[in-house]
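Chemist: sequence plus the predicted model coming up.
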There are 2 protein chains.
Amino acid sequence: MTAPPVSTSPEPSASSAHAILDAAEQLFAAHGFTAVPIKEVAAKAGVNVALIYYYHDSKEALYRHVIERFVGELVRRVSAQLDAAPDAEQAIRAVTRAQFEMLSSKPHFPKLIVRELVDYQAAHAVGVLRELGASLFRRLAGIIREGQARGTFRPDLDPNFAAFSTIAQLPYFFIARPALGVLALGDARPFDDSTAVDFARHAGDFAVAALRPTSTG
Amino acid sequence: MTAPPVSTSPEPSASSAHAILDAAEQLFAAHGFTAVPIKEVAAKAGVNVALIYYYHDSKEALYRHVIERFVGELVRRVSAQLDAAPDAEQAIRAVTRAQFEMLSSKPHFPKLIVRELVDYQAAHAVGVLRELGASLFRRLAGIIREGQARGTFRPDLDPNFAAFSTIAQLPYFFIARPALGVLALGDARPFDDSTAVDFARHAGDFAVAALRPTSTG
DNA sequence: GTCTATAGGCTGATAGAC
DNA sequence: GTCTATCAGCCTATAGAC
């Protein structure tokens, strides 16, 4: 999870390349693409501005590379969790758990994703989103559909919609987190980490509860 | 809902003031605060740049005024829907319905809200968010808590969390909408309006299903 | 209230030395 | 690979005429 020690003989530069991507990822997530001058990326990465243009054709290309890198990691992590789930209900919980691990280990991820979604019209990451969709979203929807066929899940919910309602909870929680203290408590203090842990468990519970057949019908 | 005809005798300027706010609202939502030059706001509003500084102290002040205006309207609309709901289950559906009406009548709203949330740390709208929280979120959580006390809702879910899971669905749907076609269908074409109507109904169903007691426990 | 004209700073990007 | 030096353009904001 931490940056691995890089081979020091032929390409002593690879660490700079990583540093640039890391700095850009954090800054773009925190303040947005246009709000961050490359000068600032360079400063945070501890390199010169010109070096960024050595690795990337333009500021926008840098942004695209950042998006591609982190969406790739997101796909890998969640896929691994899904592979290990024994049944449909466990799979639902596995998805929210994987989301939580991802979001809390890299707290700026949801911001980046959401910024990308909001700016989508103008945007960069279509190919990368297609990959994300194929490997994750459709897989989750398929699991729900299967559960419905076997009778463990209620049949009246649309599987695509249910999948979306399931995955929407945690990203939106992390985005809204700074405002949540105000919303729920009338207080400016943001929720602490244990609240996030609790909400992650809740998100699994909520989705499973929605998918189970009801007594009242 | 449309701009009301303004008194034309003493202040013929009020229409310019409105035009500026309208233009800024749309542009900031579509492209973000830093990405939009005031020059562009002026052009879209059909006025001169200097006039914007006549009404607003700075670009950031203009942004704050935009946020305050539309959050006020959001609060008013959702409150009205909640007032009319006869019972807890209807109230849940009323919230998602009000969200849907708001979001589809002003499609750029969720973008603005989310941008504001993402940029929150640096941010502007604390007071306005507190108002939103008091009148809407806590009211919804209270309704859920009441339903639990009466036995119509399952008691094991946290009322605040359940309220959040409920309201997260629709904003996130509208934000992710341009990507949804890709996610679900592997196709770049975005969902049409009837899909949004269907999802709004689903969001109510999903939340109510999650809150009802289950047969399996 | 509304405009024209303009200042001054910062930004993305490149050329070229090492 | 990495840096120094530099430019042209755009951006926020103001002064002042009408």
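Modeler: Arrived safely, thanks for sending. In this text, all values refer to a predicted model and were calculated from it rather than measured experimentally.
Chemist: packing partners for whichever strand or helix holds A:Leu27?
Modeler: Assessed by DSSP states H and E, A:Leu27 sits inside helix A:14-31. On a contact count with 3 or more C-beta pairs under 8 Å, 6 or more residues apart in numbering or on different chains; DSSP states H and E, helix A:14-31 meets helix A:38-45, helix A:49-55, helix A:59-84, helix A:109-118. No exception for glycine: its C-beta is placed from N, CA and C like everyone else's.
Chemist: pull that helix out as PDB, backbone CA atoms only.
Modeler: Extracted C-alpha coordinates of helix A:14-31, given in PDB (Å, rounded to 0.1, in the frame of the first residue of the first chain):
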ATOM      1  CA  ALA A  14      10.700   6.700 -11.600                       C
ATOM      2  CA  SER A  15      10.300   8.000  -8.100                       C
ATOM      3  CA  SER A  16       9.800  11.500  -9.500                       C
ATOM      4  CA  ALA A  17       7.100  10.100 -11.800                       C
ATOM      5  CA  HIS A  18       5.300   8.600  -8.900                       C
ATOM      6  CA  ALA A  19       5.700  11.700  -6.800                       C
ATOM      7  CA  ILE A  20       4.100  13.800  -9.500                       C
ATOM      8  CA  LEU A  21       1.100  11.500  -9.800                       C
ATOM      9  CA  ASP A  22       0.600  11.300  -6.000                       C
ATOM     10  CA  ALA A  23       0.800  15.000  -5.600                       C
ATOM     11  CA  ALA A  24      -1.600  15.600  -8.500                       C
ATOM     12  CA  GLU A  25      -4.100  13.000  -7.200                       C
ATOM     13  CA  GLN A  26      -4.300  14.700  -3.800                       C
ATOM     14  CA  LEU A  27      -4.400  18.200  -5.000                       C
ATOM     15  CA  PHE A  28      -7.000  17.700  -7.800                       C
ATOM     16  CA  ALA A  29      -9.200  15.700  -5.400                       C
ATOM     17  CA  ALA A  30      -9.000  18.400  -2.700                       C
ATOM     18  CA  HIS A  31      -9.400  21.500  -4.900                       C
END
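Chemist: do that helix and DNA strand C meet?
Modeler: No: using C-beta under 7 Å from any atom of the strand, we find that helix A:14-31 stays clear of DNA strand C, coming within 10.7 Å at best.
Chemist: neighbouring contacts of that helix?
Modeler: A:3, A:6-7, A:36, A:40-42, A:44-47, A:51-52, A:55-56, A:62-63, A:65-66, A:69-70, A:108-109, A:111-112, A:115, B:119, B:121-122 (C-beta atoms under 8 Å, 6 or more residues apart in numbering or on different chains).
Chemist: give me the subset of the residues you listed touching DNA strand C.
Modeler: Counting by C-beta under 7 Å from any atom of the strand, the members of these near DNA strand C are A:Val36.
Chemist: break chain A down into its domains, please.
Modeler: Using automatic domain parsing, the domain ranges for chain A come out as A:12-56, A:67-211.
Chemist: next SSE downstream of the helix or strand bottoming out on mean pLDDT in chain A?
Modeler: The weakest-scoring helix or strand in chain A, judged by mean pLDDT, DSSP states H and E, is helix A:126-132 (a mean of 70). On the C-terminal side of helix A:126-132, the closest following helix or strand by DSSP H and E is helix A:138-150.
Chemist: other SSEs contacting that following helix?
Modeler: Using 3+ C-beta pairs under 8 Å, 6+ apart, the elements in contact with helix A:138-150 are helix A:59-84, helix A:88-105, helix A:159-185, helix B:159-185.
Chemist: go again using 10 Å as the cut-off
Modeler: helix A:59-84, helix A:88-105, helix A:159-185, helix A:193-211, helix B:159-185 (3 or more C-beta pairs under 10 Å, 6 or more residues apart in numbering or on different chains; DSSP states H and E).
Chemist: can I get these in a markdown table including mean neighbour count and mean pLDDT?
Modeler: Compiled in a markdown table, the helices and strands packed on helix A:138-150 are given as follows (neighbours: other C-beta atoms under 10 Å in any protein chain shown; pLDDT from 0 to 100):
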| stretch | mean neighbour count | mean pLDDT |
| --- | --- | --- |
| helix A:59-84 | 17 | 88 |
| helix A:88-105 | 20 | 92 |
| helix A:159-185 | 23 | 86 |
| helix A:193-211 | 20 | 95 |
| helix B:159-185 | 23 | 86 |
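Chemist: could you export those as a markdown table, including distance to A:Ser15?
Modeler: Shown next, in a markdown table, are the helices and strands packed on helix A:138-150 (distance: least, C-beta to C-beta, whole Å):
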| stretch | distance to A:Ser15 |
| --- | --- |
| helix A:59-84 | 15 |
| helix A:88-105 | 21 |
| helix A:159-185 | 29 |
| helix A:193-211 | 30 |
| helix B:159-185 | 33 |
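Chemist: which of those helices sits closest to DNA strand D?
Modeler: Of all the helices and strands packed on helix A:138-150, helix A:59-84 sits nearest to DNA strand D, with 13.5 Å by C-beta to the nearest atom of the strand.
Chemist: who in chain A is up against DNA strand C?
Modeler: Within chain A, the residues that sit near DNA strand C (C-beta under 7 Å from any atom of the strand) are A:Thr34, A:Val36, A:Pro37, A:Ile38, A:Lys39, A:Val49, A:Ala50, A:Tyr53, A:Asp57, A:Ser58, A:Lys59, A:Glu60.
Chemist: can you rerun that using 10 Å?
Modeler: A:33-42, A:48-54, A:56-63 (C-beta under 10 Å from any atom of the strand).
Chemist: what subset of the residues you listed is also close to chain B?
Modeler: By C-beta under 10 Å from any C-beta of the partner chain, the members of those lying near chain B are A:Phe33, A:Thr34, A:Ala35, A:Val36.
Chemist: please name the nearest non-neighbouring residue to A:Ile99.
Modeler: You called it Ile, but residue A:99 is Gln. A:Leu170 (4.5 Å; C-beta to C-beta, 6 or more residues apart in numbering or on different chains).
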